[in-house]
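J.: got a sequence here, can you model it:
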Amino acid sequence: MAKELTVGDKAPALSLPDQSGEPVSLKDFTGKQVVLYFYPKDDTPGCTTESCDFRDAATPIKKAGAVILGVSLDGKESHQKFIKKFDLPFPLLSDEEAAVSKTYGCYKEKNMYGRKYWGIERSTFVIDQAGKLKAIFRKVKVGGHVEEVIAALKA
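T.: Alright, predicted model coming up:
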C-alpha cells in the first residue's frame, strides 16, 4: 500500500498517454503549477460538470501560472470524444492500468447500488512549480470545487 500523500510531499512522477496517445509527464511542466484532477469516467454527469467547470475556469487557472490535467481510467478514444463533445481545452490522460491513480491514492473500492467495484475516487492535486503537493482535495464534491482549486493556486 502506497503511503498517503500529504501537502509538501513531492508529487509522484507520472507518465501517461493523452487523448492523442502522446506521453505526458509532470516534468513537462516544471516551473508551472499543475492542477491534476482524477475523475471516475468520461461523459458521466458529475465528471462532465467538473470537467466543464475546469474548462470555464481555464483563464484564471492559466493566469495563476497553472496547467490542467484530467486523469481517468478511460482510453484515448473515449477521451477524444469527451474533449470534442465539451470543447475541453486541456489534456485528458489515460490511466488504464490504474497505476498512477493507485500511486496518488485515488483508486478505491466503491459501492454503488449495493455493487462493489474498484474505480477512481474524485480527487484533485495542486502541484507547485517545484513539483511539490500544494493542496490535496479528496472525495471532491463538484459544486464549488474549481473555486477551491483557484484559491489554492493563488495561495
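J.: tell me the secondary structure for residue 101?
T.: Under DSSP: H, G, I helix; E, B strand; the rest coil, residue 101 falls in the helix class.
J.: meant to ask about residue 27, not that
T.: helix.
J.: cool, residue 8 as well?
T.: Per three-state DSSP, the secondary structure class of residue 8 is coil.
J.: just give the number of residues close to it.
T.: 9 (other Cβ atoms under 10 Å). The way it works is simple: take the backbone N, C-alpha and C, and place the C-beta from them, glycine included.
J.: for it, which non-adjacent residue is spatially closest?
T.: Of all residues not flanking residue 8 in the chain, residue 132 sits nearest, at 6.1 Å (Cβ to Cβ, 6 or more residues apart in numbering).
J.: and what of residue 39?
T.: residue 47 (4.4 Å).
J.: quick one: that neighbour from residue 13, how far?
T.: Applying Cβ to Cβ, to the nearest Å, the value for residue 47 to residue 13 is 25 Å.
J.: who's more crowded, the two?
T.: residue 47 (21 against 11).
J.: the residue nearest to residue 39 in helix, strand or coil?
T.: helix.
J.: check the one 3 residues further on too.
T.: Here residue 50 is recorded as helix under three-state DSSP.
J.: residues contacting residue 127?
T.: Counting by Cβ atoms under 8 Å, 6 or more residues apart in numbering, residue 127 makes contact with 11, 26, 33-36, 133-134.
J.: cool, and residue 11?
T.: Per Cβ under 8 Å, 6+ apart, neighbours of residue 11: 26, 34, 36, 125, 127, 131-133.
J.: top of these by neighbour count?
T.: In those, the most neighbours by other Cβ under 10 Å go to residue 125, 27 neighbours.
J.: just name the shakiest helix or strand of this protein by mean pLDDT.
T.: Sorted by mean pLDDT, DSSP states H and E, the helices and strands of the chain end with strand 107-112, the least confident at a mean of 89.
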